[in-house]
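[1] just need the structure, nothing else, for what follows:
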Amino acid sequence: MSLKQIWQIAEGHPNEPDTLYCGVEPAALFKSTDAGETWSLDRGLFDHPHRTQWMPGGGGLCLHTILPDPSNPDRMFVAISTGGVYRTDDAGKNWQPRNKGIRAKFLPPDQQYPEWGQCVHKVVNHPSNPNRMFLQHHWGVYRSDDAGDSWNDIGNGLPSDFGFAMEINPHDANTVYIIPIESDEFRCTPEAKLRVYRTKNAGDSWDPLTEGLPQEDALETILRDNLKADANDPTGLYFGTRSGKLFGSKNGGDSWTMITEGLPAITCVKTAKIG
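    Next up, the predicted model:
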């Protein structure tokens with residue numbers, strides 16, 4: 001087996017300044033304890049008995065999300081397309097699927113709640129409450145309040161519960177942003193309107209954020225790593241599209257401006273605070 005591409009690089013736990021994690025395709029997790037000079041394969045996940053039954057999603061068999069638990073140095077979550085969410089409680093020696101309640105709509109009706117095999121697109125949580133997690137699925141938006149042991153659908157009020165990008169406000173564990181996509185067959189914004197949806201109550205309700213965003217003929221696609229918040233207060237938000245447009249907000253999404261256009265397809269947006 002050989003490395004096809006790198007999907008995600010994440011920092012380790014807060015007390016591990018030189019630790020990095022790397023998620024790759026075909027689905028595997030690597031760890032570095034010397035700031036990336038050398039890497040070692042997490043054998044617990046690589047040798048997991050489920051591996052032979054993981055199937056590639058539209059983007060490949062990728063490990064695209066890595067979430068160390070800041071309150072527990074032995075706990076970490078990863079998301080694999082299409083394996084689902086897996087959690088370790090012993091620093092990577094063993095991994096357990098954590099997908100209870102996530103519906104795999106693309107499977108036959110009597111098999112739509114499997115233990116693993118879900119096509120998870122993105123997972124986020126907040127350092128102040130790492131047991132509460134939010135998840136964007138191939139079809140469905142979910143919340144877990146028990147570190148992934150169970151998931152509940154929170155997609156009511158959205159024009160579509162299909163999508164890729166998801167971000168949490170760094171100053172509020174109950175505020176989450178998503179950008180819905182119409183469907184897996186038509187992967188553009190619903191009704192040709194570019195809308196970011198925000199919940200301030202952990203998914204009980206959602207509001208469209210549209211000020212400054214085009215609401216006609218806006219057939220845009222926003223991929224899983226294309227929505228990112230910064231550490232400012234109020235938080236800044238940024239997202240890119242496959243048509244090469246970059247949008248930004250200085251006020252937590254209340255209003256938006258187009259920063260630039262005419263770029264190549266944007267596949268990843270990152271932020272950094274300088275000075």
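[2] alpha carbons of stretch 248-255, in PDB - could you do that?
    The C-alpha trace of stretch 248-255 is given here as PDB (Å, rounded to 0.1, in the frame of the first residue of the first chain):
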ATOM      1  CA  GLY A 248     -15.100  36.900   4.200                       C
ATOM      2  CA  SER A 249     -17.100  38.200   7.200                       C
ATOM      3  CA  LYS A 250     -15.700  40.300  10.100                       C
ATOM      4  CA  ASN A 251     -18.800  39.900  12.300                       C
ATOM      5  CA  GLY A 252     -19.500  36.200  12.700                       C
ATOM      6  CA  GLY A 253     -21.400  35.900   9.500                       C
ATOM      7  CA  ASP A 254     -23.800  38.800   9.900                       C
ATOM      8  CA  SER A 255     -22.500  40.400   6.700                       C
END
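[3] now what about it, what contacts it?
    For stretch 248-255, the surrounding residues in contact (CB atoms under 8 Å, 6 or more residues apart in numbering) are 169, 175, 177, 196, 198, 209, 211-212, 232, 234-238, 256-257, 259. Bear in mind the C-beta positions are built from the backbone N, C-alpha and C, glycine included.
[4] the same query, at a cut-off of 6 Å, please.
    Residues from elsewhere that reach stretch 248-255 (CB atoms under 6 Å, 6 or more residues apart in numbering): 196, 198, 209, 211-212, 234-238, 256-257, 259.
[5] among the residues you listed, which two are most distant?
    Among the contacts of stretch 248-255, the pair separated by the greatest distance (CB to CB) is 198 and 259, at 19.5 Å.
[6] looking at these two, which is more packed in?
    Taking other CB atoms under 10 Å, residue 198 and residue 259 do not tie; residue 198 has more neighbours (20 against 12).
[7] in its sheet, what does the helix or strand the more buried one falls within sit against?
    Assigned by DSSP states H and E, residue 198 falls within strand 196-199. When pairing is defined by DSSP bridges, strand 196-199 lines up against strand 176-181 (antiparallel), strand 207-209 (antiparallel).
[8] send me it as CSV with only the CA atoms.
    Backbone C-alpha positions of strand 196-199 (Å, rounded to 0.1, in the frame of the first residue of the first chain) are rendered in CSV as follows:
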residue,chain,number,x,y,z
VAL,A,196,-24.3,30.3,5.1
TYR,A,197,-26.5,28.9,7.8
ARG,A,198,-25.8,29.5,11.5
THR,A,199,-27.2,28.0,14.7
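[9] so who does residue 189 touch?
    Per CB under 6 Å, 6+ apart, neighbours of residue 189: 218, 220.
[10] and it, its phi and psi?
    Here is the backbone geometry of residue 189 (degrees, to the nearest 10): phi -60, psi 140.
[11] then residue 5?
    Phi and psi for residue 5, reported as degrees, to the nearest 10, are phi -160, psi 160.
[12] what about the closest residue to it other than its chain neighbours, distance to residue 210?
    Using CB to CB, 6 or more residues apart in numbering and skipping residues adjacent in sequence, the residue nearest residue 5 is residue 25, 5.3 Å away. Separation of residue 25 from residue 210 (CB to CB, to the nearest Å) stands at 35 Å.
[13] parallel or antiparallel, which strands does the strand ranked longest in the chain pair with?
    As assigned by DSSP state E, the longest strand anywhere in the chain is strand 129-137. As defined by DSSP bridges, the strand partners of strand 129-137 come to strand 120-126 (antiparallel), strand 140-144 (antiparallel).
[14] in which helix or strand would I find the closest residue to residue 224 other than its chain neighbours?
    In this structure, residue 224 finds its nearest non-sequential neighbour in residue 164, 4.1 Å apart by CB to CB, 6+ apart. In this assignment (DSSP H and E), residue 164 forms part of strand 162-168.
[15] residue 135: what's it in contact with?
    Residue 135 sits next to 123, 142 when contact means CB under 6 Å, 6+ apart.
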